[in-house]
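Novice: After the sequence you'll find the predicted model.
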Amino acid sequence: MITLEEIKSYLSRLGITDIQAPTKEYLFELNKAHLAHISWQTLDIFAGRPSSIDTQASVQLMINRRSGYCFHLNGAFGTLLQALGYKVNWHRAGVQPMGQEPRINGFHLGMTVTLPNDEGIEEPWIVDVGLGDMLYEPIPLKFGTYSQGHFVYELVESKVMDGGWRLTHDPLNSYEGVDYAPNTASSLMGFQENHNFYSRSPESPWLNQFLLRLRNEKEIHELKGCIWKKWDQNGVHKTEIVSKKEWIEILADIFHEDLILYSSLEREEIWKKLFRLHEQWRRDTERQHT
């Protein structure tokens, strides 16, 4: 569990001042604030400084104006919700990239929260701040179509595991969907091996991929390498970043990432690695079109 002072500090990071009863309305407020203020990111892995997925350590990341990816985000947020009186369950899940098969491989940490309905019967809700660009609000674990802002999601039965569920992403976005296992995980110990792979294995896709995502009510933002994408009601907008100054400004203004734990020298090294990989990507792309 986390202390009262840690709860207040976490809520302050979300722009929330009051501790309230664990209602559905408060859950929605917390969920939306988390997504709007804290980005999903691979920054620490890219920089060679991966963070622990211990839930207490992840809470400290959030309090100290840092972030991470699903294990950190849903781990910390679930711990906060438990401290606020919510009934939280974590689940093994798997993200399906474009053109690949669905999977539940434990490389994503899913979460549900149980809330009483109008008749007092407890029902599960999908709460996931660990995807970065998907649900802006919790949705009930009831199959159907859900519209949030300009984006549409479909919740269906998973074909990967009996009793599981699948959340299909909006067609315009960056992956096809996520499948969740029905069984619950009492801790994140079972995810440690996958975190080790993501954060340290030479085969990890994130060692050399600088990626941040952030979702608000009407927009989704993604910074992949030096390409900033924004999805809104008018479609997808792309901007190529060509200077360190612009990169720093976009990180702070759009993704609320101030690189607070990195010195000026370390920021320079991150930018040099990032831009070197971006130039290589541009050369490879040009060769493919010649």
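Specialist: Cool, got the structure. Numbers count the residues shown, from 1 in each chain.
Novice: got the contact list for residue 183?
Specialist: For residue 183, the contact set (C-beta atoms under 8 Å, 6 or more residues apart in numbering) comprises 91-92. C-betas here are computed from N, CA, C, even on glycine.
Novice: And it, how close does it get to residue 162?
Specialist: From residue 183 over to residue 162 the distance is 11 Å, taken as C-beta to C-beta, to the nearest Å.
Novice: Look at residue 23 and say how many residues are nearby.
Specialist: Neighbour count of residue 23, defined by other C-beta atoms under 10 Å: 13.
Novice: Helices of the chain, residue ranges please.
Specialist: Taking DSSP state H as the test, the helices found in the chain are 4-13, 24-37, 43-46, 55-63, 70-83, 192-200, 244-253, 264-288.
Novice: For residue 137, find the nearest of these.
Specialist: For those, distance to residue 137 was read as C-beta to C-beta. The smallest value, 5.6 Å, belongs to helix 24-37.
Novice: what comes into contact with that closest one?
Specialist: Surrounding helix 24-37, the residues in contact under the criterion C-beta under 8 Å, 6+ apart are 13-16, 20, 73, 77, 80-81, 84, 86, 113, 115, 125, 127, 129, 132, 136-138, 214-217, 256.
Novice: Where does pLDDT dip in the protein?
Specialist: Along the chain, the parts satisfying pLDDT under 70 run over 290.
Novice: 80 - rerun?
Specialist: For the chain, the stretches flagged by pLDDT under 80 are 171-174, 289-290.
Novice: and residue 53, how many residues sit next to it?
Specialist: The number of residues packed around residue 53, counting by other C-beta under 10 Å, is 25.
Novice: now residue 19
Specialist: The tally of other residues near residue 19 (other C-beta under 10 Å) stands at 13.
Novice: before we move on, back to that, please identify the most buried of the helices of the chain.
Specialist: Per-stretch averages of neighbours, counted by mean count of other C-beta atoms under 10 Å, single out helix 70-83 among the helices of the chain, with a mean of 25.
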